[in-house]
Structure formats: structure tokens, C-alpha cells
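Q: Quick one, structure for this:
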Amino acid sequence: MGEHLTQEQTELYRRRDGSSRNRQLTAAHLAACQACRERVLDSGHSVLAIDALTEAFLPSVGEEPFHLSHDELKSYVAGSSGRADQVICESHIELCNQCARELRLLSATESARKFDRPGSPWRFLAPARLAAAFALIGVLALAALIWWKQSSRPTQQESVSNSAKLPPGAAVPHGSVAESTPPAVIESIAPNPLVLASLKDNNREVRLDQEGKLTGLEGFEESSQKMVKSVLAGERLTKPNVLDELSSPPIKLLGEAPVEHSFEIISPAGKVITEEQPTLRWRPLVGAKSYVVSLFDNNFNRVALSPALSGTNWSVNVPLPRGQSYSWEVVATKDGKEITAPVAPAPRAQFKLLEADKLSALSKVKQQKPVSHLALGLMYAHFGLVSEAEGEFRKLVRENPDSALAKQLLRTVQAWARQE
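A: From the prediction side, this is the model:
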């Protein structure tokens, strides 16, 4: 924590917002910093300030006790921590036997200066602790003065505090100040974590707050929620390696001219697919009488062969094992000659059949009602299903036309598609 509290830290403290650890660090800073104390402990928030200062040294019911991290203790022993952090460490160590033991071990191991300062008659009462005590006494005196001048206010203020803690939709007790207190006052007392990012998603709102809490996707698998959290927190989509593996570079010819009057493969090529018996498509060759399709596995063993076809598509006639990559070619017969596609310098036509466990994960996301375009699109992208991801992100952009995040997701997978 810096030399003085920021405006945001001050507001979070006044609202009793943020994690227990941050509240404790802030209150310990206030115990040693008169300037910050004067900014925070005004008459309108004195009672809350006293409560928060107490919380700095006594954990709330059900909370894990506050402890200093190993790095904080190490910086303190080395003398590299700032003045405010030194005060926090000194104040806490006098109350916490666990942190005091760890500090002694660090001091002995690294031959650093000891926590107890030799030769000082006040070594058992550290300056930071004295500051905290004086600060607490000052705050109590201020509160007593306010209570003496406004003897009718405590019960009312307690009513406001209790009303702010009521669950949404609960009735406010008759006669409480919350009935007549403007909503803005109650809202300033109730915690309201800052929202980092949010998106409209098929009649729901998906939000991530500053504490890492995701709302809007309750009931989704943890893996799906983790992907959504990462993107909302600013992490960019990474192109799956499988797409690079399937997009072989063009073949360089050594002295031989390319075959003329060939034709092109359409799909699937350079893609991950989900169908066990996919339909293969190609462009027609003018004058061709028939086409024959051959499908090969990774070891170039032919696993499927079509009959002579007059059209320009063929559905594979056998179920293909999942999780494997395949390549295929078409041989056209024209004027008694055979012409093959693809042909060098064009790359091989390859695709991969999605693994069974990934297909199952997709099915679970699709079963959530309403379907989340965000979660489904991210999973499609993660598995390399580019065109499917693009479709979901298009829907997301239509719902969030002003969202830079939604547009970025769409542009990212579109760039992958152009590289196929």
C-alpha cells in the first residue's frame, strides 16, 4: 500500500467494501497515517470507521484469520518495504503468533535484523501499535462527542445499516430510518463491487466484478466459467495449435509445371469438424464425366472410397474414429484422362474429427437454457471449430453493438478463418 490511500481505497473503506484482507490493510494504514485518517473519519462515517478499524485486528465470524504473506514478511526483514507496509507488519505481528514465528524463522535464516529492537524500553510496545492505540482512542472520543450531541441518532443509524444488509426484496421494518432515508444514502452504505466487464448474452447479462465473481452463468461447468472469466478480464483468444497443424503450407515444385485444367477442393480443409460421416465438397471441372473420392488416415492408408459420382459432393460412407486427422482427394475423369485435386502447389486437404470428450462438453453448454453465445463461442474457438465460433460471436455483436470486446472476439476468429 502506498504512502497515502487513493480516492478509490477511501470510498471502499467507507462503504466497508472489498475483501477482509484489504479492509485490514487499509485500517492498519489509517492507524499510522494522520492525513488519511482526517480524510476518512468525518462525522458522517465515524461509526463505520470504528467498526472497520476493529476488523483490522479481529477477524469476523466465519472468516479465515488474516496473515501476512511470505513476501511481505521477507520485504520487512530485508528493510525494503515502505513505511506504511512496515507499520502494517509491526502492528499485525504483535497480535499474530503465527506470523511472529515465521518472522523469527526468516530473521534467523537470513541473518536479518530482529523484530524486537534491543536496548529500547518500549520494544514490547512498537511505535505502530502505539499509533494504532492513539488513533483508536481519538476515533472513540470523536464518536462519543457525536453521540453526546446527537443522542437520538445511533439507533437510527443502526437501523439504516441493518436495512442495507437485508436481502433483496425483504421488507423494511416499520419505523426504521430506511423507510424515509433516500435510496442514494442506503446505497452508499451497502457494498457494491465494481463491475470490470459485462455483456448481454441471449436475454441474460454476464458480468465479472473486481473480486473475480462471475454472474449470469450459474449452473455452467467450471471450465466454461473459467474461459468466460479470462476473456472478460482482458485475456485474448489464442489460436489452437490444431489449426496450424491442419493448414499445411503450399507445396513447392522443383522444375515441374503445375497440372493444368485442375479444379479446387472446397471443404472440409484445414478445419476441425464434428460429424463422423462428413460431406466432402469440391468445385466442378468443366467437361468431367465422373468423380471418385479417396479418404486417407494419418499414415496415408485409405479408409474410404466413393463410387463414380456425377455430382460435386459425397458423404463418407463409414463412421470415422474420433480424435484423428484425415486427408482426402478427388479424381475427375475427363476425355479419358484422370485429373486429381488438390494438386501441387496447393496444400493437402486435411481435417480433424473432434474428440468425444470435447463433443460432450459442447453438448452440456448447448443444453443450458437460454444458450450462452459467449460461453459456446469461446468453447468452439478453444476446440478449433472456427466457423461455429464465428456464428456465435456474430450473435453476440448484434446484442452488444457498442462492445469492443464482442467485436474483438469476432475479428479474432475471422482472422483464423482467413489463415485456413
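Q: use CA for all of it now, contacts and neighbours both
A: Noted.
Q: And stretch 298-311, end to end?
A: Taking Cα to Cα, to the nearest Å as the measure, stretch 298-311 stretches 27 Å from start to finish.
Q: residues making contact with it?
A: By Cα atoms under 8 Å, 6 or more residues apart in numbering, the residues outside stretch 298-311 that reach it are 289-297, 314, 316-318, 324-327.
Q: what do you get if the cut-off is 6 Å, keeping everything else the same?
A: 290-296, 325-326 (Cα atoms under 6 Å, 6 or more residues apart in numbering).
Q: Please apply the same query to stretch 372-386.
A: Here stretch 372-386 has contacts from 240, 272, 389, 392, using Cα under 6 Å, 6+ apart.
Q: repeat that for 7 Å
A: Contact with stretch 372-386 is made by 201-202, 224, 227-228, 240, 242-243, 272-273, 365, 388-389, 392-393, 395-396, 413, 417, as judged by Cα atoms under 7 Å, 6 or more residues apart in numbering.
Q: Then stretch 409-420?
A: With Cα under 7 Å, 6+ apart as the test, stretch 409-420 has contacts from 247, 270, 386, 390, 393-394.
Q: can you rerun that using 6 Å?
A: Stretch 409-420 has contacts (Cα under 6 Å, 6+ apart) with 247, 270, 393.
Q: Counting neighbours, which of the contacts of stretch 372-386 end up buried?
A: The neighbour-count test (16 or more other Cα atoms under 10 Å) marks 201-202, 224, 227-228, 242-243, 272-273, 365, 388-389, 392-393, 395-396, 413, 417 as buried among the contacts of stretch 372-386.
Q: circling back: adding distance to Cys96, write the contacts of stretch 298-311 out as TSV.
A: Output for the contacts of stretch 298-311, formatted as TSV (distance: Cα to Cα, whole Å):
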residue	distance to Cys96
Ser290	84
Tyr291	81
Val292	79
Val293	75
Ser294	73
Leu295	70
Phe296	68
Ser325	59
Tyr326	63
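Q: hmm, back to that, can you flag which of the contacts of stretch 372-386 belong to strands?
A: 272-273 (DSSP state E).
Q: Inside helices: which ones of the contacts of stretch 372-386?
A: Judged by DSSP state H, the subset of the contacts of stretch 372-386 located in helices is 224, 227-228, 242-243, 365, 388-389, 392-393, 395-396, 413, 417.
Q: just to revisit the earlier point, can you put the contacts of stretch 409-420 in a markdown table and add pLDDT?
A: Shown next, in a markdown table, are the contacts of stretch 409-420 (pLDDT from 0 to 100):
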| residue | pLDDT |
| --- | --- |
| Ser247 | 83 |
| Gly270 | 93 |
| Phe393 | 96 |
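Q: Let me see the domain layout of this structure.
A: The chain breaks down by automatic domain parsing into domains covering 7-149, 153-189, 261-353.
Q: rank those by pLDDT, which is bottom?
A: Mean pLDDT is lowest for domain 153-189 among the domains of the chain, at a mean of 44.
Q: And the strands in this structure?
A: Counting by DSSP E, the strands of the chain are 195-200, 205-209, 214-215, 265-267, 271-273, 279-282, 290-296, 302-305, 313-315, 325-334, 337-341, 349-353.
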